[in-house]
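Asks: what's the 3D shape of this:
(chains A and B)
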Amino acid sequence: MKLNLKIWRQEDAKTKGEFKNYQLDEVHGDMSFLEMLDVLNNELIENGKEEPIEFDHDCREGICGMCSLQINGEAHGPDRGITTCQLHMRKFKDGDTIVIEPFRANAFPVVKDLAVDRSAFDRIQQAGGFISVNTSGNTQDANSIPIEKENADLAFNAATCIGCGACVAACKNASAMLFTSAKVSQYALLPQGEIEATDRVLNMVAQMDKEGFGNCTNTGACEVECPKGISLENIARLNREYLAASLKG
Amino acid sequence: MGGIKSSIARKVAMALSGLFLVLFLAQHFTINFTSVVSPDTFNEISQFMGTNFLVQAVLQPILIFGVIFHFVMGFILEARNRSARSIGYAKFDGNANSPWVSRNMLISGIVVLAFLGLHFYDFWVHEMQVKYLQGDMSGLNEAGEFRYYEETVAKFAGQPIRVAIYVFSFIFLMLHLLHGFASSFQTMGVNNKYSKGIRTFTKAFAIVIPMGFVFIAIFHYLNNL
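Replies: Below you'll find the predicted structure:
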């Protein structure tokens, strides 16, 4: 199929970007979206007139959370429950125009073209998304601590967040509440996470605010666009944890 | 408000003030509805509410503070949200993943705020003038009868433009509540086995109460044609 591509080009974070139009004539429906961009980049390299398009990718299996892209107004494109690398070109029709933009948020500055810096997520995680384990040799085996099946499942579901940033990209407020809530929830539901629960939620929310993300207004867009189906229940849990921690001081 | 620093604390403050205003709406509607079924009851309750010390000196200032707080905090949150994405998307398909009402609380809120200006001018300013500037706490008209019912009806009788403004405004209040009421529970951390019931109740409330106010306005207009 033939496709018209409208792609955001930007030299770096300090340079003003703009859209450029490209046309691809031989796109196969079985190509992934990233493979389609690979084909375009091959053409750009062969023509030698402009630099290839920079975009994030790594595992290309929907696991790593590296790929991003706002495709025709939706994070990771029009399909649900997948990342951009799992989006296939059969989702589009011959002659379509596809608008491709980077994930937009001030906390995710553009590195180049479609690649953005999502290290704000790393800093939120570093603020409290961990448990301190005594490695003196007397550490209790985690498997010997009984955990209710329901809580174990909820914690595991929260832990499936790959930190891709689609929640921020999809949110009209560029809020990182779904990501932060998943990272708080995966510990809050387990006995191992209880010890540092108060500091964890206060520190992670403080870092989230410091990074400049917007507020959650419960539109639910993040939940819909999340490739891992992280639920809004986690945001309610984050709010509960935060309120409880604030009252404890 | 400057003391409420964190994003979640601000959201919770917004939710609590919203829930308080929802309670007020329910009370306001209940009293107004008596104007349809029993003018005498409406007059008696209005006189009680208009002269009771607790209502006038305590609850009324709290209500005014609640209204101002809700709007000011709404604008503060909106400003923060807008500043989080200074370069917007060329193409953003909001309808693909969220309802219009949830994304446009600012628009519905501004319409309700503008309506409150008219509503205060219509009723509250007049009441303050009569009671506290003229010092007339009797609630009676020149004929020696309670004035509240006739004054309320006079605002709608033969006033199709005012009725239309009320209908328009209450549709936007409905849209505001359709998202805001249920959302406040999520913000307070309520997401459990009762959430489905809460969503059903809040949606029913969001439709019934504003449409009830619309009914009252249209009733008095039609009843006096």
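
Asks: Who are the packing partners of the worst-scoring helix or strand of chain A on mean pLDDT?
Replies: Across the helices and strands of chain A, the lowest-confidence element by mean pLDDT, DSSP states H and E is helix A:191-194, at a mean of 92. Judged by 3 or more Cβ pairs under 8 Å, 6 or more residues apart in numbering or on different chains; DSSP states H and E, the packing partners of helix A:191-194 are helix A:177-188. (Each C-beta comes from the backbone N, C-alpha and C, glycine too.)

Asks: who does the helix it packs on touch, helix- and strand-wise?
Replies: helix A:119-126, helix A:149-159, helix A:166-170, helix A:191-194, helix A:197-210, helix A:221-225, helix A:233-248.

Asks: Dump those to a markdown table, plus mean neighbour count.
Replies: Below are the helices and strands packed on helix A:177-188 laid out as a markdown table (neighbours: other Cβ atoms under 10 Å in any protein chain shown):
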| stretch | mean neighbour count |
| --- | --- |
| helix A:119-126 | 18 |
| helix A:149-159 | 15 |
| helix A:166-170 | 30 |
| helix A:191-194 | 15 |
| helix A:197-210 | 21 |
| helix A:221-225 | 24 |
| helix A:233-248 | 20 |
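
Asks: picking that back up, outside of the least confident helix or strand of chain A, which residues touch it?
Replies: A:Ile131, A:Ala142, A:Ile145, A:Ile147, A:Gln186, A:Tyr187, A:Ala188, A:Arg200 (Cβ atoms under 8 Å, 6 or more residues apart in numbering or on different chains).

Asks: 6 Å instead, please
Replies: A:Ile131, A:Ile145, A:Tyr187 (Cβ atoms under 6 Å, 6 or more residues apart in numbering or on different chains).

Asks: Over to stretch A:196-215?
Replies: Contacts of stretch A:196-215 (Cβ under 6 Å, 6+ apart): A:106-107, A:120, A:123-124, A:127-128, A:173-176, A:180, A:184, A:188, A:241-242, A:245, A:248, B:6-8, B:11, B:77, B:80-81, B:84.

Asks: before we move on, back to that, chain center to the least confident helix or strand of chain A: distance?
Replies: 25 Å (Cα atoms, centre = their mean, to the nearest Å).

Asks: same deal with stretch B:194-207?
Replies: 18 Å.

Asks: Just the buried residues of it, please?
Replies: B:Ser195, B:Ile198, B:Thr202, B:Lys203, B:Phe205, B:Ala206 (16 or more other Cβ atoms under 10 Å in any protein chain shown).

Asks: one step back: adding distance to A:Ile63, write the helices and strands packed on helix A:177-188 out as TSV.
Replies: Formatted as TSV, the helices and strands packed on helix A:177-188 follow (distance: least, Cβ to Cβ, whole Å):
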stretch	distance to A:Ile63
helix A:119-126	16
helix A:149-159	13
helix A:166-170	14
helix A:191-194	23
helix A:197-210	23
helix A:221-225	18
helix A:233-248	20
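
Asks: which one of those helices has the lowest average pLDDT?
Replies: Here the lowest mean pLDDT among the helices and strands packed on helix A:177-188 goes to helix A:191-194, at a mean of 92.

Asks: re earlier: of the buried residues of stretch B:194-207, closest to chain A?
Replies: Among these, B:Ser195 lies closest to chain A (Cβ to the nearest Cβ), at 8.3 Å.

Asks: Quick check: A:Glu43 vs A:Asn4, distance?
Replies: 14 Å (Cβ to Cβ, to the nearest Å).

Asks: Straight-line length of stretch A:190-198, end to end?
Replies: 14 Å (Cα to Cα, to the nearest Å).

Asks: Also stretch B:91-98?
Replies: Stretch B:91-98 has an end-to-end distance of 15 Å (Cα to Cα).

Asks: Give me the mean pLDDT for that stretch.
Replies: Stretch B:91-98 comes out at a mean pLDDT of 92.

Asks: Send over the least confident helix or strand of chain A as CSV, restricted to the C-alpha atoms.
Replies: C-alpha atoms of helix A:191-194 as CSV (Å, rounded to 0.1, in the frame of the first residue of the first chain):
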residue,chain,number,x,y,z
PRO,A,191,4.2,-7.3,53.0
GLN,A,192,7.7,-6.7,51.8
GLY,A,193,6.6,-3.2,50.8
GLU,A,194,4.8,-2.2,54.0
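
Asks: The residue positioned nearest the centre of chain B - nearest residue in space that isn't next to it in sequence?
Replies: Centroid-nearest residue in chain B: B:Leu25, 5.6 Å away (criterion: Cα atoms, centre = their mean). Nearest residue to B:Leu25 in three dimensions, chain neighbours excluded: B:Ile209, at 5.6 Å (Cβ to Cβ, 6 or more residues apart in numbering or on different chains).
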